[in-house]
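[1] here you go, sequence then predicted model.
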Amino acid sequence: MTDRRIYVDYIARTEGDGAIDIVIGPNGELKKARWEVWEPPRFFEAFLIGRKAEEVPEIVQRICGICPHAHHIAAVRAVERAMGVKVSEQTVLLRELLHYADWIMSHALHVYCLAAPDFLGYESVIAMAGNPDLLPVVGKALELKRLGNDLIVLLSGHEIQNRTSVVGGFTAVPAKSDLEKIKERLKAAKDFAFETVKLAAKLASQPPYPDLVRKCEHVALHDVRKYAINDGRLVSTEGLDVPDWEYPVWIIEKHVPACNCKHAIIKGRDSFLVGPLARVNNNFDQLSADAKKAAEEVGFKVPCFNPFMSIVARAIELVHSLDACVTLIDWIGEPKFEEPTFEYKAGESYAVTEAARGICCHGGRIDKDGVVQKWDIVAPTARNVYNLEKDFQEFVPKLLHLSDEELTLKCEIMIRNYDPCQSCATHSLKVRLHRER
Amino acid sequence: MAKPKIAFFKFSSCAGCQLSVLNIEPVLLDVLGAIDIRYFVMAKRENHEGPYDIGFVEGAVTSPKELLELKKIREECSVLVAMGTCACFGGLPSIKNYSGFSQKELEEKVYTELWDLKSFPAYGIDYYVKVDYYLRGCAIDLGELVTLIKSALKGIHPRFRFHSVCNECKMKENVCLFLTKGKPCMGSVTAAGCGALCPSLNRPCEGCRGPASDCNAASLARSFVEDLGLSKADVVRKFRKYAGNTPEFSKGAEAV
């Protein structure tokens, strides 16, 4: 009897370079279950030392092309907190609108281009588009993604890297007439977002997914007044409730024997999950009325500890994001130009935002001349690595009857549940993972 | 005509330029119908070995593994495109080359398990292999991406601009941020093609598209110090950011 090995050297339809290595012993025991991040390190935390404070948000948004705004806003808030810079209510609302636009783009991308092909039996969305029955859906999905992108461009000048948001505010603001135009498109997109929730629920209800439940701690930002995205307290399904700037105290990395990677745990407890499922579990009450209605229609109930339901949580957040953008545009009204200003001041602080794929933490120390002395970055995917490995340990033994090919796909889906961005993960993981030859 | 075989590769980068390929939504399905994507791990599960007609490479080269892959990719691709500022010039990862820390010190600052770390200074891909076309920008300009794909389909050279961002700024009738507002704008030494994106949004150009042809970076660097009162360290930070590896921007960093 020999070991059975599932190995994927380059996981498709995720951002960045990662691998899966699973070894199953002759009696079905799991000998090894690892998610290896192969992204080359870029040393952001090191080369930020000596840069100017106002450069940090500009530079760190380039850690990840899929969630640049989560990195940017966490960093800009950390810098402003450290230097005691106050920003206007309009700036807070515009940043929120920008980040929700990013969620619309990212969630539409994930649900339709990265995740749906798995459930529908296609190798990619390109192949899906080749089926005349699916082509209209793909077309609508791209329209929805474009809507997110158009709002991002309107606010920040560019689809990927924002040009307008800086320490102290925005260098340019959109015209009210343009915001109103996009508001109509956001409203019109709601029907398709509802359809997306139904589709996601249908996909995730196929066997064996409904049986794959694993309870673990779900961590998210929380704000009693609104669905938390850029600000709030760090809370969890196990009772964590602390200010976001205390994340370095509560989220710690533990070296695990016989493993070359460090694992993120909540102080005194164990692994945890971040992302849309964690957010919906912790913040269901703050979702928009229609998002709650969409959840109810497909029978989605919180708390939900089935990681395969992440795609449903993401779709529910799509409905919520469209509503949130409409509300924000109404609140913003006629944007006024305000010259962003700040003064250098020595200080140290931290801040957390909710990237589409989970909490994104930035912070550090700045000297009196505005020069960075230390910068710490913790990206969502780094948080989820240990939790994913626990999913493998729980679920792989339940799926041993599948062929290697099927089991491999299921393991890939387990990773794609987290919508990982491995470029993000690398530099902050502080790990090197070893591939057994 | 057979559909050109296309491949997308990623080295040390944020994946934003690859994502840009999926951000041309209005024409995406048309483009996908006209080309044959043979390798694109971020978007596809079924990927195929070369040779390819056109290879797009995103990211800087920072490890021995990437260097070996790059050399193989060059052999497999008839046309090689550096996609984005990281692949063109080293991009933001190249800041580490001028951080004042040695590679050993950089590694110790970020990682604890150093035994398996293999990283070297970050350069653009043409430091190692011949590159046929450059898509500049952090991230790339979608218009230029579509222009390049269209040109490839027609078998003609894409027409990219290498004059400075100033030209595009003037065509947009923007107020000059440098001369009238005293902001340290790098538009006069940076290659156009972005439509003067940042200055049009009241933000000084940071040079993300790399040097314009015949740029005088040394003169701009001195002007930053003498006319705008920037410190020497500030000027060095400006020129050693997106394209600090280029001889042109090096002259700017070394002029003060």
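    Cool, got the structure. Numbers count the residues shown, from 1 in each chain, chains lettered A, B, ... in the order given.

[2] can you name the residue of chain B nearest chain A?
    residue B:16 (2.3 Å; C-beta to the nearest C-beta). (Each C-beta comes from the backbone N, C-alpha and C, glycine too.)

[3] find the nearest non-adjacent residue to that residue, please.
    residue A:65 (2.3 Å; C-beta to C-beta, 6 or more residues apart in numbering or on different chains).

[4] can you report how many residues neighbour the residue of chain B closest to chain A?
    27 (other C-beta atoms under 10 Å in any protein chain shown).

[5] go on, the one 4 residues further on?
    Counted by other C-beta under 10 Å, the residues lying close to residue B:20 total 24.

[6] list the residues that contact it.
    If you count contacts by C-beta atoms under 8 Å, 6 or more residues apart in numbering or on different chains, residue B:20 has them with A:65, A:159-160, B:139-140, B:142, B:145.

[7] in which helix or strand would I find it?
    helix B:16-22 (DSSP states H and E).

[8] buried residues of that helix, list them for me.
    For helix B:16-22, a neighbour-count test (16 or more other C-beta atoms under 10 Å in any protein chain shown) marks B:16-22 as buried.

[9] mind putting the residues you listed in JSON lines, pLDDT included?
    Output for these, formatted as JSON lines (pLDDT from 0 to 100):
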{"residue": "B:16", "pLDDT": "93"}
{"residue": "B:17", "pLDDT": "95"}
{"residue": "B:18", "pLDDT": "92"}
{"residue": "B:19", "pLDDT": "91"}
{"residue": "B:20", "pLDDT": "92"}
{"residue": "B:21", "pLDDT": "92"}
{"residue": "B:22", "pLDDT": "90"}
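
[10] and the residue in the stretch 1-150 of chain A that chain B sits nearest to, what does it touch?
    Going by C-beta to the nearest C-beta, chain B is nearest to residue A:65 of the stretch 1-150 of chain A, at 2.3 Å. For residue A:65, the contacting residues are A:15, A:160, A:423, B:13-20, B:139, by C-beta under 8 Å, 6+ apart.

[11] 7 Å - rerun?
    A:160, B:14-17, B:19, B:139 (C-beta atoms under 7 Å, 6 or more residues apart in numbering or on different chains).

[12] all strands in the stretch 101-250 of chain B, in order from the N-terminus.
    B:133-135 (DSSP state E, counting those that start in this stretch).

[13] right, I mislabeled it, should have said the stretch 101-250 of chain A
    Under DSSP E, counting those that start in this stretch, the stretch 101-250 of chain A gives strands at A:165-166, A:169-170, A:217-222, A:233-236, A:241-243.

[14] out of those, which comes closest to residue A:37?
    For residue A:37, the closest of these is strand A:217-222, at 20.1 Å, according to C-beta to C-beta.

[15] ok, how many other residues are close to the nearest residue to residue A:311 once chain neighbours are set aside?
    Of all residues not flanking residue A:311 in the chain, residue A:200 sits nearest, at 4.6 Å (C-beta to C-beta, 6+ apart). Residues near residue A:200, counting by other C-beta under 10 Å, number 27.

[16] residue A:201: how many residues sit nearby?
    By other C-beta under 10 Å, neighbour count at residue A:201 equals 20.

[17] contact partners for the closest residue to it other than its chain neighbours?
    For residue A:201, ignoring the flanking residues on the chain, the nearest one in space by C-beta to C-beta, 6+ apart is residue A:298 at 3.6 Å. By C-beta under 7 Å, 6+ apart, residue A:298 lies in contact with A:197-198, A:201, A:312.

[18] ok, 8 Å please
    Counting by C-beta under 8 Å, 6+ apart, residue A:298 has contacts A:197-198, A:200-201, A:312.

[19] and those residues as a markdown table, adding distance to residue A:144 and pLDDT?
    Compiled in a markdown table, these are given as follows (distance: C-beta to C-beta, whole Å; pLDDT from 0 to 100):
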| residue | distance to residue A:144 | pLDDT |
| --- | --- | --- |
| A:197 | 13 | 98 |
| A:198 | 15 | 97 |
| A:200 | 13 | 96 |
| A:201 | 17 | 96 |
| A:312 | 17 | 97 |
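
[20] so which pair among these is furthest apart in space?
    Among the contacts of residue A:298, A:198 and A:312 lie farthest apart (C-beta to C-beta), at 9.6 Å.

[21] so which of those two has more stuff around it?
    residue A:312 (30 against 14).

[22] for that one, pull up the helix or strand it's in.
    helix A:310-332.

[23] need phi/psi at the residue nearest the centre of chain A.
    Per C-alpha atoms, centre = their mean, the C-alpha nearest to the average position across chain A is that of residue A:357, at 1.4 Å. Note on residue A:357: backbone dihedrals following degrees, to the nearest 10 are phi -100, psi 10.

[24] for it, give me the pLDDT.
    pLDDT for residue A:357: 93.

[25] now do the contacts for it.
    Contacts of residue A:357 by C-beta under 8 Å, 6+ apart are A:67, A:106, A:274-276, A:380-381, A:384, A:418-421.

[26] could you rerun that using 10 Å?
    Going by C-beta atoms under 10 Å, 6 or more residues apart in numbering or on different chains, residue A:357 touches A:15, A:64, A:66-67, A:70, A:106-107, A:110, A:274-276, A:310, A:314, A:379-381, A:383-384, A:418-421, A:424.

[27] and what of residue B:151?
    Contacts of residue B:151 by C-beta under 10 Å, 6+ apart are B:133, B:157-160.

[28] equivalent analysis for residue A:367, please.
    A:53, A:344-347, A:373.

[29] so which of those wins on neighbours?
    residue A:53 (28 neighbours).

[30] I figured that one hits residue A:167, correct?
    Yes - the criterion here is C-beta atoms under 10 Å, and residue A:53 meets it with residue A:167 at 6.7 Å.

[31] what sits in contact with each of these two?
    With C-beta under 10 Å, 6+ apart as the test, residue A:53 and residue A:167 both reach A:75-76, A:79-80, A:83, A:85, A:342, A:370.

[32] so where is the stretch 1-150 of chain B shaky, pLDDT-wise?
    B:1, B:112-116 (pLDDT under 70).
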